[in-house]
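In: from the sequence below, what's the structure:
(4 chains)
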Number of protein chains: 2
Amino acid sequence: MRPLFHPAPEDLQASAILHALADPNRAAIFANIMRAGCVEACASLATVGDRVIPKSSLSNHFKVLREAGLIRSERHGVEMRNHARWDEVEARFPGLLRSILNAYAGEGPRGEPPLPASDPD
Amino acid sequence: MRPLFHPAPEDLQASAILHALADPNRAAIFANIMRAGCVEACASLATVGDRVIPKSSLSNHFKVLREAGLIRSERHGVEMRNHARWDEVEARFPGLLRSILNAYAGEGPRGEPPLPASDPD
DNA sequence: TCCCATAGTTCGGAAGTTCGGAACTTCCGA
DNA sequence: TCGGAAGTTCCGAACTTCCGAACTATGGGA
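Out: Below is the predicted model:
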């Protein structure tokens, strides 16, 4: 297992972030991590809505989020802890994450990911 | 040539918008349309930075932007006029477009699309 | 009216990406 | 040392993107 790659704050790219969050599953995962106080194991997110996501897909989703700079992952024994990198992303792209998560939340009855109503700061 | 499809305001989807703007070329095209006062012919955007975009790719980029609900296209004789649907998107997803365009603009010296500094409202 | 130029679209193949099952690695407890 | 749990890697199938070539629609002469 190769070491986990995390981009430096100054290397965050808008296109990577948008691409990562353009997938409703990933947006839901990210919203969950936000909501859960920035710590979460992968397997605990193995369903989004009522859909089961296979482990391999999940692993890939986390990788995309991580390499976009949206989350920081650390191995803790056999588990992975995932923190949202909200402050770093916010510092570089003010308002971006909030408006994206709000957009998904505001989509209403479309089976889209829920709003992380809490304020992450 | 089939008629142009434009989603209704209530059918706008966050994931489609993010996907459309996750491509730096498309984001640059959209920023150009914003900047140019909401009217623009396709061919006038055939380069982004110093890169030439083939007609077929361009046509496809416009289609993606159109079907995401970001622009409205009308045939005027042999040309196409493209308007940004800023107000409609803004009404549904407040702050989203602004923060995305700002994110790209704030990326700085990375060859990314420029900011539409004007206020579109 | 016919022909040509211009502006965009569609088609189709090559290249790349995503998805997900199976096998693998790593870590921990018994 | 074994077994189970949590993730990752591998790889084929399905999907998407890119772009040149062929096509369609419109307008302007002659």
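
In: near DNA strand C, which residues of chain A?
Out: Within chain A, the positions lying close to DNA strand C (Cβ under 7 Å from any atom of the strand) are A:1, A:19, A:23, A:25, A:53-57, A:60-61, A:64, A:75, A:77-78. C-beta: built from backbone N, CA, C; applies to glycine.

In: among those residues, which are located in helices?
Out: A:19, A:25, A:55, A:56, A:57, A:60, A:61, A:64 (DSSP state H).

In: lowest average confidence, helix or strand, in chain A?
Out: strand A:47-48 (a mean of 74; mean pLDDT, DSSP states H and E).

In: which other helices and strands contact it?
Out: Identification of packing neighbours for strand A:47-48 by 3 or more Cβ pairs under 8 Å, 6 or more residues apart in numbering or on different chains; DSSP states H and E yields helix A:24-35.

In: distance between the helix it packs on and the chain's centre?
Out: Counting by Cα atoms, centre = their mean, to the nearest Å, helix A:24-35 is centred 5 Å from the centre of its parent chain.

In: and that helix, average pLDDT?
Out: The pLDDT scores in helix A:24-35 average 92.

In: what about that helix, near chain B?
Out: Yes - using Cβ under 8 Å from any Cβ of the partner chain, we find that helix A:24-35 touches chain B at A:24, A:27.

In: what's that helix packed up against?
Out: helix A:14-21, strand A:47-48, helix A:55-67, strand A:79-84, helix A:96-105, helix B:14-21.

In: the residue nearest the centre of chain A: what's it in contact with?
Out: Relative to the mean C-alpha position of chain A, the nearest C-alpha, by Cα atoms, centre = their mean, is the one of residue A:30, at 2.6 Å. Shown in contact with residue A:30 (Cβ atoms under 8 Å, 6 or more residues apart in numbering or on different chains): A:20, A:21, A:65, A:70, A:71, A:84, A:101.

In: again, only this time at 7 Å
Out: A:21, A:65, A:70, A:84 (Cβ atoms under 7 Å, 6 or more residues apart in numbering or on different chains).

In: pLDDT at the first one, what is it?
Out: As predicted, residue A:21 sits at a pLDDT of 97.
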